[in-house]
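# Quick check, what structure comes out for this input:
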Amino acid sequence: MTFDRGMRVDAPAAMVEQRRVGYCCGLFALACCVACETGPALPLDVLGAAETVIEAKEVERLSDKRPTFDPALTIVEEFEGCQMRLNKSASVTRLTVKELDPGAANLKDHIFPTRGAALMALGSRTVLPSMEVVNGALKPFNDGLYASIELIAEHGANGSLVDKRATFDALLAAMLQRVARGDADAATAAGHFAAAAMLAGATPVLPATIAAAATEAREAFDRDVFSSTPIGFYTWSDELSRIFRRDRLLQTALMPGREGFRPAAAVSRALASDAELTARYRNVLELYRGLTNPSYDFDPVLLAASTGSLADAELSTAENAFAQAHRELDAPPPCQTGFSWLPASDSPERKLLASQLCAGGHPSNLLDALIAAIQSGAVNLTPTATSGWYDWQLYALETLLLPDRASENQHLLLTQKYRDKLIETFKSLLIQTRETHVKQLGTVTVPVSFTVPPREIDVYPLLVVEPFPTFYLRTARGYAFLRNLLAAALGPSALAQASRLLEDGSEAPLPLAEELQGKVELLYGLHLLAAGSIGMGDELSADERASLDPAAAERAARAWLAGWREDRDVLADPRVAVPVVRDTEARVNRNLAVVGVKVIAISASFPQGYEPEVTPEPSAVFGAVCKVRHFVPFEPYMLVEQTLEFERDERLPPLTRDALRALLDDQHSFEGMRAALEAQ
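Numbers count the residues shown, from 1 in each chain. A predicted model of the protein is given here:
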């Protein structure tokens, strides 16, 4: 979603200046463009209004809820020492956000740097794990997994089928051979692959002309600090930073439009006579199409089908035919696609913003524009057959914006305040998800008549985690997709022999394969618990039920819920920032950030007439039975995250995590944080 076609490493100065006024399209800080897709008409507030406003949804009505009673859907819960059997299948749980209790009023609007700091301020108060907290356990894992995959793929470690450095070295060697035979188009490719090798730490032996071209390309890339500055987990080690810079150059080196056709064709023609190199190159490309998402620029492997066997004299005809079939090559910025050595990945939000800019729109708030489009149906997040892991992650987030479509809808009554909370959760999780992908997103029964009088207890919605089972199920399926993808892309032994990289440079104690399987089991377990807590059945498919031990998944989820306050990943600093738009006309970069953690209070209750059916378990308390006195609200605190959109001078590099956190450490208010970030 980075809009930057204004600067390419081999662009003449005049062309660079000519392109300065155009917006350009890409994936956050990935500087590659793509054609604009047409789709349903967007809401007026997304396309043309001075301010983007998310239209307030009509408040849900209880009369619209028609949960179906299922006598088999019962669950045993404990209240004040009494075990009670509840059937919630025909119940509804109303969720709203309430004012903080007087004793915690000082926490209102205070932004903490970490969940640990917020938990310390809350003391012994009841805290319900929010979806943000669950994501807090996932985000460091996602970063560490992606970082480890980058290192495995770089050198073909642990039996990996992907060996990026050797593949790019082989491509450089192939281009140098063609240059030696007089292929001028191959010289451009050779210069770029040579510059990439230098950025990766190598010192290739080059002819003088190629060495000069490589140096020029590298220096131009370094001057473009927006594209060349490593951010996210790529700052964890020198090697990750080198991988970031090398891959970014390979993503952005070619000019947009037709101008990259002939250099790309030179590579594709070399591939035509080297099946082994073609397979290795394809493995690299396919890894990122699955690990993040399909690409939107054309690559030489794709082009090989059109140009691989052509003679030099036939290239012009092939170029015209290819451009006729892909008219977006000749579209004006920002609706122009092109060619890339290592194409960036596409995303639904990139397509939305590209289409808006092509139509002359310029949303004043990027996240609000995306949210409005998802809610209106203009953007559909359902994964397709070609989707990568990122699409699956976004699909899990969709349910936060469209809760009416989720299976739990008949069991939840959401106030507008809670819907607003879900929107903020979507923003926070989206930002953090994208930052991971920043380079590419019973007892003996005692009869009542022989006991003391029944013990009366209050019953309330006993939630163990924020009750959105669809979110957890979709996230579990995303991890299952990722597990299968990596096994196919890297080979069965790669993940079993590697460990997740941690932000401090150390490694997690468990192998990646074991950790990834643990996340799959945890998320399925959270789905089962969340569904049961609001009276709906689980939605495991027949295949999932056959391959998963539901009882073990539920145990794993309960174990995590019992200790989430001590989870190292949950307690990690969540503050991150990602650049989104490079506005060369205003000479600023627009950025999205998660700037800290806030405390909110919620209320969960059973509306009158929609209470669950409750019966005591035999011998719930020795010598007594229990009965319901009242249905009362459950009012825990939750930890959520604060997001912020800010601008920086275009001449400044993107903020690394450390730089962002240093600017925010002394700030605890929203306006103070905005001022600190925009003062740079």
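# drop to CA atoms for contacts and neighbour counts, all remaining ones
Noted.
# Where does pLDDT dip in the protein?
Residues of the chain that meet the criterion pLDDT under 70 lie in 1-59, 308, 334, 360-361, 442-453, 618-625, 680.
# Which residue ranges make up the domains of it?
The chain breaks down into these domains under automatic domain parsing: 13-31+161-345, 93-131+574-678.
# Find the residue at the geometric middle of this structure.
Most central in the chain under Cα atoms, centre = their mean is residue 433, positioned 2.4 Å from the mean C-alpha point.
# what helix or strand does it sit in?
Residue 433 is located in helix 416-436, with elements delineated by DSSP states H and E.
# buried ones in that helix?
Of all the residues in helix 416-436, those buried under the rule 16 or more other Cα atoms under 10 Å are 416, 418-436.
# swap in stretch 514-521?
515-516, 518-521.
# Report the spatially closest residue to residue 122, excluding sequence-adjacent ones.
If you skip the residues right next to it in sequence, residue 122 has residue 104 as its closest partner in space, 7.7 Å away by Cα to Cα, 6 or more residues apart in numbering.
# what secondary structure does that neighbour sit in?
The three-state label given to residue 104 by DSSP: H, G, I helix; E, B strand; the rest coil is helix.
# Let me know the next secondary structure element after the strand ranked longest in the chain.
If you go by DSSP state E, the chain has its longest strand at strand 588-605. Once the chain leaves strand 588-605, the next helix or strand it forms, by DSSP H and E, is strand 613-616.
# Report the distance from that next one to the chain centre.
42 Å (Cα atoms, centre = their mean, to the nearest Å).
# oh, and call the first residue 40 from now on, that's how I've got it
Done: numbering now begins at 40, and the last item shifts to strand 652-655.
# can you pull the contacts of residue 331?
The contact partners of residue 331, by Cα atoms under 8 Å, 6 or more residues apart in numbering, come to 384, 427-430, 476, 479-480.
# same thing but at 10 Å, please
With contact set as Cα atoms under 10 Å, 6 or more residues apart in numbering, residue 331 has these partners: 185, 325, 383-386, 426-432, 473, 475-480, 521.
# Ok, residue 507 next?
If a contact means Cα under 10 Å, 6+ apart, then residue 507 has 169-170, 438-439, 442, 445-448, 451, 565-566, 568-570, 573 as its contacts.
# cool, and residue 431?
Listed by Cα under 10 Å, 6+ apart, the contact set of residue 431 reads 331-332, 420-423, 437, 513-518, 520-521.
# Residue 579 now?
By Cα under 10 Å, 6+ apart, the contact list for residue 579 reads 512, 563, 566-567, 585, 587, 589.
# Need the buried ones from the residues you listed selected in PyMOL.
The PyMOL selection below is limited to those of the contacts of residue 579 classed as buried (16+ other Cα under 10 Å):
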select buried, resi 512+563+566+567+589
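# Let's see which of the contacts of residue 579 end up in helices.
Restricting the contacts of residue 579 to those inside helices, with DSSP state H as the criterion, leaves 512, 563, 566-567, 585, 589.
# Considering these, which is situated nearest to residue 678?
For those, the closest approach to residue 678 (Cα to Cα) belongs to residue 566, at 19.8 Å.
# The closest one: what's its closest spatial neighbour, skipping adjacent residues?
When the adjacent residues along the chain are set aside, residue 566 lies closest to residue 508, with 4.5 Å between them (Cα to Cα, 6+ apart).
# tally of neighbours for that neighbour?
Burial measure for residue 508: 30 neighbouring residues, criterion other Cα atoms under 10 Å.
# Am I right that it is in contact with residue 578?
Yes: because the distance of 8.9 Å satisfies Cα atoms under 10 Å, residue 508 is recorded as touching residue 578.
# between the two, what contacts are shared?
446, 563, 566-567, 570.
# Residue 392 and residue 529, how far apart?
When distances are taken as Cα to Cα, to the nearest Å, residue 392 and residue 529 turn out to be 33 Å apart.
# what about the two, which has more around it?
Residue environment comparison for residue 392 versus residue 529 gives the larger neighbour count to residue 392, 28 against 24, counting by other Cα under 10 Å.
# these two touch, right, residue 363 and residue 369?
Yes: look at residue 363 against residue 369 with Cα under 10 Å: they come within range, at 9.1 Å.
# So if I had to pick from those two, which one is more boxed in?
Between residue 363 and residue 369, counted using other Cα under 10 Å, the more crowded position is residue 369 (18 against 12).
# can you pull the contacts of the closest residue to the more buried one other than its chain neighbours?
Distances taken as Cα to Cα, 6+ apart place residue 296 nearest to residue 369, at 5.8 Å, with adjacent residues excluded. Residues touching residue 296, when contacts are defined by Cα under 10 Å, 6+ apart, comprise 72-73, 336, 362, 366-372, 374-378.
# buried subset of the residues you listed?
For these, a burial check counting by 16+ other Cα under 10 Å picks out 72-73, 336, 362, 367-370, 372, 374-378.
# Show me the strands in the stretch 540-689 of the chain, by range?
546-550, 615-622, 627-644, 652-655, 665-670, 676-688 (DSSP state E, counting those that start in this stretch).
# what distance separates the last one from the centre of its chain?
By that I understand strand 676-688. 16 Å.
# just checking, next helix/strand downstream of that strand?
Tracing the chain C-terminally past strand 676-688 and defining elements by DSSP H and E, one meets helix 696-703 next.
# Other residues contacting that following helix?
Helix 696-703 is contacted from outside by 152, 270-272, 274, 612-617, 632-635, 693-695, 706, 711-716, 718-719, using Cα under 10 Å, 6+ apart.
# Buried ones in that helix, by neighbour count?
696, 699-700, 702-703.
# I'd like those as TSV, with distance to residue 603 appended.
As requested, these are exported to TSV (distance: Cα to Cα, whole Å):
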residue	distance to residue 603
696	24
699	26
700	24
702	28
703	26
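# Where do the helices of the stretch 140-289 of the chain begin and end?
In order along the chain, the stretch 140-289 of the chain carries the following helices (DSSP state H, counting those that start in this stretch): 154-161, 170-194, 203-219, 223-238, 247-262, 264-267, 277-291.
# What is the burial count for residue 111?
By other Cα under 10 Å, neighbour count at residue 111 equals 9.
# Tell me the secondary structure at it.
Residue 111 carries the three-state label coil when classified by three-state DSSP.
# Check whether it really touches residue 129, as I assumed.
No: in terms of Cα under 10 Å, residue 111 does not count as a neighbour of residue 129; the distance is 11.8 Å.
# In helices, which of the contacts of residue 331 fall?
In helices, defined here by DSSP H, the members of the contacts of residue 331 are 185, 325, 428-432, 473, 475, 521.
# excluding its backbone neighbours, what's nearest residue 309?
Closest residue to residue 309 in three dimensions, ignoring its sequence neighbours and counting by Cα to Cα, 6+ apart: residue 213, at 6.8 Å.
# Next one: the one you found from residue 313, what distance?
The gap separating residue 213 from residue 313 is 10 Å, by Cα to Cα.
# These two: who's more crowded?
Summary of the neighbour comparison: residue 213 and residue 313, criterion other Cα under 10 Å, with residue 213 having more neighbours (20 against 12).
# mind listing what the more buried one touches?
207, 225, 228-229, 305-306, 309-310, 313, 316.
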